[in-house]
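S.K.: Sequence and computational prediction follow.
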Amino acid sequence: MILFLGTLGWVYPLILIIVILLLLFITIYACSAFKKRKQNQYNVAKREKTLRTVEENERLNNVEVYEE
């Protein structure tokens, strides 16, 4: 048993390093997603302008033109 632990003693630090790197990448991704979500939340004027433009274009496309 001691021989087995001695030959595979490097596996536990490797697993620990992999877990730490995984947590680091998850944290970076979560922070990036939160920052993007927060940035989009404050862009209310731009969203309303875009929505108003789309609604106006739809309204103009639905207007029937009468020819005489």
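M.R.: Arrived safely, thanks for sending. Keep in mind the model is a prediction, meaning the values are calculated, not measured.
S.K.: what's the neighbour count on residue 45?
M.R.: 8 (other CB atoms under 10 Å). Placement of C-beta: from N, CA and C, glycine included.
S.K.: which element is it on?
M.R.: helix 44-62 (DSSP states H and E).
S.K.: what pLDDT does residue 47 get?
M.R.: In this model, residue 47 is scored at 77, pLDDT.
S.K.: Off-centre distance for the helix or strand hosting residue 36?
M.R.: Using DSSP H and E, residue 36 sits within helix 11-41. The chain centre lies 12 Å from the centre of helix 11-41; the measure is CA atoms, centre = their mean, to the nearest Å.
S.K.: follow-up on the earlier one: which positions in the helix holding residue 45 come out as buried?
M.R.: Within helix 44-62, no residue counts as buried by 16 or more other CB atoms under 10 Å.
S.K.: Which other helices and strands does that helix contact?
M.R.: Of the remaining helices and strands, none touches helix 44-62 by 3 or more CB pairs under 8 Å, 6 or more residues apart in numbering; DSSP states H and E.
S.K.: If I take that helix and helix 11-41, what angle do their directions form?
M.R.: 60 degrees (axes from the mean of the first three to the mean of the last three CA atoms, to 10 degrees).
S.K.: residue closest to the middle of the chain?
M.R.: residue 33 (3.9 Å; CA atoms, centre = their mean).
S.K.: what pLDDT does that residue get?
M.R.: Model confidence at residue 33 (pLDDT) stands at 87.
S.K.: ok, now residue 43?
M.R.: On the pLDDT scale, residue 43 gets 71.
S.K.: and it, how far is that from residue 12?
M.R.: As judged by CB to CB, to the nearest Å, residue 43 and residue 12 stand 47 Å apart.
S.K.: ditto for residue 59
M.R.: 67 Å.
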